[in-house]
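Trainee: can you look at this prediction? I've put the sequence above it.
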Amino acid sequence: MRKEDKPHAALLASPGMGHLIPIMELGKRMVTHNDFHVTIFFIASDHASATSLVKSTTLENLDIIALPSVDISDLVGPNAQLVAKLFVIMRESLPSLRSSIAAMKFRPSALIVDLFGADAFDVAEEFGMLKYVFNTSNAWCLAVVFHSARIDDEFILEHHVKGQKSLEIPGCKSLSFRDTLESLRNIDRIDRPKFHGHKMTNSHGILINTWEDLESSTIEALRDNNLLGTLLLKVPIYPIGPLVRQDGNLVLDKQVKQWLDKQSIESVLYVSFGSGGTLSAKQMTELAWGLEQSQQKFIWVVRPPSNNALGTYFTISEGNVDGTPDYLPQGFFTRTKDIGMVIPMWAPQEQILSHPSVGGFLSHCGWNSTLESIMNGVPMIAWPLYAEQKMNAAMLTEDFEIAVRPTVSMTEEIVGRDEIEKMVRTIMVDKEGQAMKMRVKELKNSAEKALNKGGSSFNSLSQVAKDCMFHLQP
């Protein structure tokens with residue numbers, strides 16, 4: 001099929017790897033499985049991981065365009081919530097998006113944006129494009145976003161925030177205050193972001209990075225006009241996941257691979273807090289001692305400590321005499337040289353999780369990392385830091401039963417070394433951990449079935465492709 005005859009979709013990603021990775025994977029899947037021509041727009045960044053991801057992605061009929069970065073310093077305060085900043089960045093990027101689409105020889109028939117990009121629907125309407133939302137997280141998070149938008153802020157503040165009572169979500173799992181979204185926890189702040197519910201309900205559909213069997217009751221509630229559907233109207237819901245990063249161009253460092261190859265099957269715990277998450281200095285010390293006390297094999301992607309869970313990017317310091325950075329216990333490298341490996345700053349996560357020696361994942365519970373863990377059949381220690389990660393942790397431990405979680409709030413208290421040791425041994429050694437491994441492998445099989453030809457996610461994305469193809473016809 002000639003390029004001009006293919007359905008052409010434009011995808012717009014908000015800044016951050018949590019949005020860019022699933023947008024990229026959606027684009028690749030639309031090209032390879034649905035015969036699309038896809039153009040991905042993202043906001044230019046000096047973030048090394050984003051740059052590496054874009055440069056490593058080469059596929060015929062997939063174009064990637066970097067929109068220029070925007071200065072929002074005069075539009076939001078320095079302490080504004082992250083999601084509030086994302087909305088402003090996306091809004092200020094619209095002129096660049098409009099001019100880029102206008103310059104295209106073959107203009108897209110559809111625009112797909114993530115939750116922060118619905119302002120771009122004005123551009124889609126200008127060019128006569130179909131409009132879709134891609135929720136890069138799970139269905140439960142989407143249900144909470146939509147339902148909370150229908151509730152009076154004063155009720156949420158008094159009942160949920162001050163009263164710390166659970167928020168009932170019709171047809172779905174209720175949301176405890178312990179696990180609530182940051183935007184709800186800070187609902188009394190002036191800069192509290194408001195998701196564009198009214199614009200999303202005027203879209204042609206909402207795609208979700210989940211699958212029918214994983215969240216069947218929540219997806220049913222999203223489709224039910226008598227429950228959450230009052231806001232959603234009759235917008236189609238398309239579970240199309242799990243879409244996880246699959247990049248054959250990335251390879252494990254030779255030293256890391258050799259070390260993993262020497263370990264027993266499912267004997268290694270992988271420890272990572274995402275592309276930017278960090279811990280406080282005191283918490284890093286406790287984590288180091290907990291790993292050491294467990295005497296279980298581990299690979300730990302280490303970043304210098306920060307009081308901000310979102311993290312900052314530094315270079316690991318020289319440290320003390322055995323090379324241990326000065327923010328880890330003195331002599332940690334020497335004492336753990338036979339059981340552990342520390343990797344500074346970043347590692348190819350998907351390649352590590354897919355290695356047969358890895359049998360557990362201590363994670364910040366970002367949805368991308370959660371799906372990668374499930375797709376590799378690896379149970380988790382849930383250690384959420386920000387955004388919707390506490391909700392993800394609740395699902396993993398309470399609903400799917402494929403993870404353990406500290407008894408204290410990781411963002412408010414220090415998790416002690418003894419509890420860390422206990423969680424590691426639960427996942428890696430105890431019968432409870434073995435049962436979790438069996439359950440997560442069942443979820444892996446369910447996910448693969450959904451993605452395969454004829455599966456629920458395959459069929460959902462195929463329907464979107466048919467709609468776009470129909471829209472092309474005169």
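Mentor: Ah, there it is. Numbering: from 1, shown residues only.

Trainee: contacts only, for H33.
Mentor: 458, 461 (Cβ atoms under 8 Å, 6 or more residues apart in numbering). Heads up, the C-betas are built off the backbone N, CA and C, glycines and all.

Trainee: now name the helix or strand holding it.
Mentor: helix 17-34 (DSSP states H and E).

Trainee: what lines up beside the helix or strand following that helix in the sheet?
Mentor: Where DSSP H and E defines the elements, the next helix or strand beyond helix 17-34 is strand 37-43. Here strand 37-43 has these sheet partners by DSSP bridges: strand 8-13 (parallel), strand 62-67 (parallel).

Trainee: contacts for the helix or strand just after the last one?
Mentor: Going back to what we said before, that points to strand 62-67. Next in sequence after strand 62-67, counting helices and strands by DSSP H and E, comes helix 82-92. Helix 82-92 is touched from outside by 12, 14-16, 43, 70, 72, 75-76, 116-117, 119-120, 182-183, 191-193, 310, 386-387, with contacts defined as Cβ under 8 Å, 6+ apart.

Trainee: could you give me the ChimeraX selection string for whichever of the residues you listed are buried?
Mentor: Listed next is the ChimeraX selection for buried residues among those, using 16 or more other Cβ atoms under 10 Å:
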select :12,14,15,16,43,70,72,116,117,119,120,182,183,191,192,193,386,387
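
Trainee: pull the longest helix from the protein.
Mentor: Counting by DSSP state H, the longest helix found in the chain is helix 431-451.

Trainee: tell me which other helices or strands that one touches.
Mentor: Judged by 3 or more Cβ pairs under 8 Å, 6 or more residues apart in numbering; DSSP states H and E, the packing partners of helix 431-451 are helix 367-375, strand 403-404, helix 417-428, helix 456-472.

Trainee: so A347 touches V256, yeah?
Mentor: Yes: counting by Cβ atoms under 8 Å, A347 does reach V256; the two are 7.2 Å apart.

Trainee: strands of this structure, residue ranges please.
Mentor: Secondary structure of the chain (DSSP state E): strands located at 8-13, 37-43, 62-67, 110-113, 130-135, 205-208, 237-239, 268-272, 297-302, 340-344, 358-363, 380-382, 403-404.

Trainee: okay, now the residue nearest to S176 when sequence neighbours are not counted: neighbour count?
Mentor: Nearest non-adjacent residue to S176, counting by Cβ to Cβ, 6 or more residues apart in numbering: S166, 5.0 Å away. Number of residues near S166 (other Cβ atoms under 10 Å) recorded here: 16.

Trainee: just name the most buried of the strands paired with strand 37-43.
Mentor: Mean neighbours per residue, mean count of other Cβ atoms under 10 Å, is largest over the strands paired with strand 37-43 for strand 8-13, with a mean of 27.

Trainee: run the chain-centre distance for that one.
Mentor: Taking Cα atoms, centre = their mean, to the nearest Å, one finds strand 8-13 lying 19 Å from the centre of the chain it belongs to.

Trainee: cool, stretch 333-346 as well?
Mentor: For stretch 333-346, the distance to the chain centre is 26 Å (Cα atoms, centre = their mean).

Trainee: got the buried residues for that stretch?
Mentor: 333, 336, 339-343.

Trainee: max pairwise distance over these: which two?
Mentor: Greatest spatial distance in these: I339 and I343, 14.8 Å, computed using Cβ to Cβ.

Trainee: picking up where we left off before, and the longest helix of the chain, what's buried?
Mentor: 433, 436-437, 440-441, 443-444, 446-447, 450-451.

Trainee: what's the answer for stretch 99-112, then?
Mentor: Under 16+ other Cβ under 10 Å, the buried positions of stretch 99-112 are 100-101, 108-112.

Trainee: how does the protein divide into domains?
Mentor: 3-246+450-472, 254-448 (automatic domain parsing).

Trainee: picking that back up, so which of the strands paired with strand 37-43 is nearest L461?
Mentor: strand 8-13 (10.9 Å).

Trainee: what's the burial count for the nearest residue to S409 once chain neighbours are set aside?
Mentor: Nearest non-adjacent residue to S409, counting by Cβ to Cβ, 6+ apart: R178, 6.7 Å away. Other residues near R178 come to 12 when the count uses other Cβ under 10 Å.

Trainee: about what we covered before: quick check on the residue nearest to S176: phi, psi?
Mentor: Dihedral pair for S166: phi -60, psi 150, per degrees, to the nearest 10.

Trainee: isn't it right up against D179?
Mentor: No: the criterion here is Cβ under 8 Å, and S166 misses it with D179 at 9.3 Å.

Trainee: now do the longest helix of the chain against helix 456-472, angle only.
Mentor: Calculated by axes from the mean of the first three to the mean of the last three Cα atoms, to 10 degrees, helix 431-451 forms an angle of 30 degrees with helix 456-472.

Trainee: pLDDT (mean, whole number) over helix 431-451?
Mentor: For helix 431-451, the mean per-residue pLDDT is 98.

Trainee: neighbouring contacts of that helix?
Mentor: Under the criterion Cβ under 8 Å, 6+ apart, residues 211-214, 239, 241-242, 266, 359-360, 371, 373-379, 400-404, 426-427, 455-458 lie in contact with helix 431-451.

Trainee: which other residues reach stretch 209-220?
Mentor: Residues contacting stretch 209-220 (Cβ under 8 Å, 6+ apart): 22, 134-140, 143, 171-173, 208, 237, 239-243, 367, 371, 443, 446-447, 449-451, 455-457.

Trainee: roughly how far is that stretch from the heart of the chain?
Mentor: Counting by Cα atoms, centre = their mean, stretch 209-220 comes out at 17 Å from the chain centroid.

Trainee: closest one to W289 among the strands paired with strand 37-43?
Mentor: Per Cβ to Cβ, nearest to W289 of these: strand 8-13, 38.8 Å.

Trainee: and the closest one with helix 82-92, angle?
Mentor: Using the same axes, to 10 degrees: strand 8-13 against helix 82-92 is 140 degrees.

Trainee: who touches strand 8-13?
Mentor: By Cβ under 8 Å, 6+ apart, strand 8-13 touches 19-20, 23-24, 26-27, 30, 36-43, 90, 97, 101, 106-114, 117, 120, 129, 134, 468.

Trainee: show the average pLDDT along it.
Mentor: For strand 8-13, the per-residue pLDDT averages 94.

Trainee: in contact with the closest residue to E292 other than its chain neighbours, which residues?
Mentor: What sits nearest to E292 in space, not counting adjacent residues and going by Cβ to Cβ, 6+ apart, is T336, at 5.4 Å. Counting by Cβ under 8 Å, 6+ apart, T336 makes contact with 291-292, 298.

Trainee: which phi and psi does T336 have?
Mentor: Torsion angles, degrees, to the nearest 10, at T336: phi -110, psi 10.

Trainee: okay, the strands of the chain in TSV with distance to V464 next?
Mentor: Shown next, in TSV, are the strands of the chain (distance: least, Cβ to Cβ, whole Å):
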stretch	distance to V464
strand 8-13	9
strand 37-43	12
strand 62-67	17
strand 110-113	8
strand 130-135	7
strand 205-208	7
strand 237-239	6
strand 268-272	32
strand 297-302	35
strand 340-344	38
strand 358-363	30
strand 380-382	31
strand 403-404	32
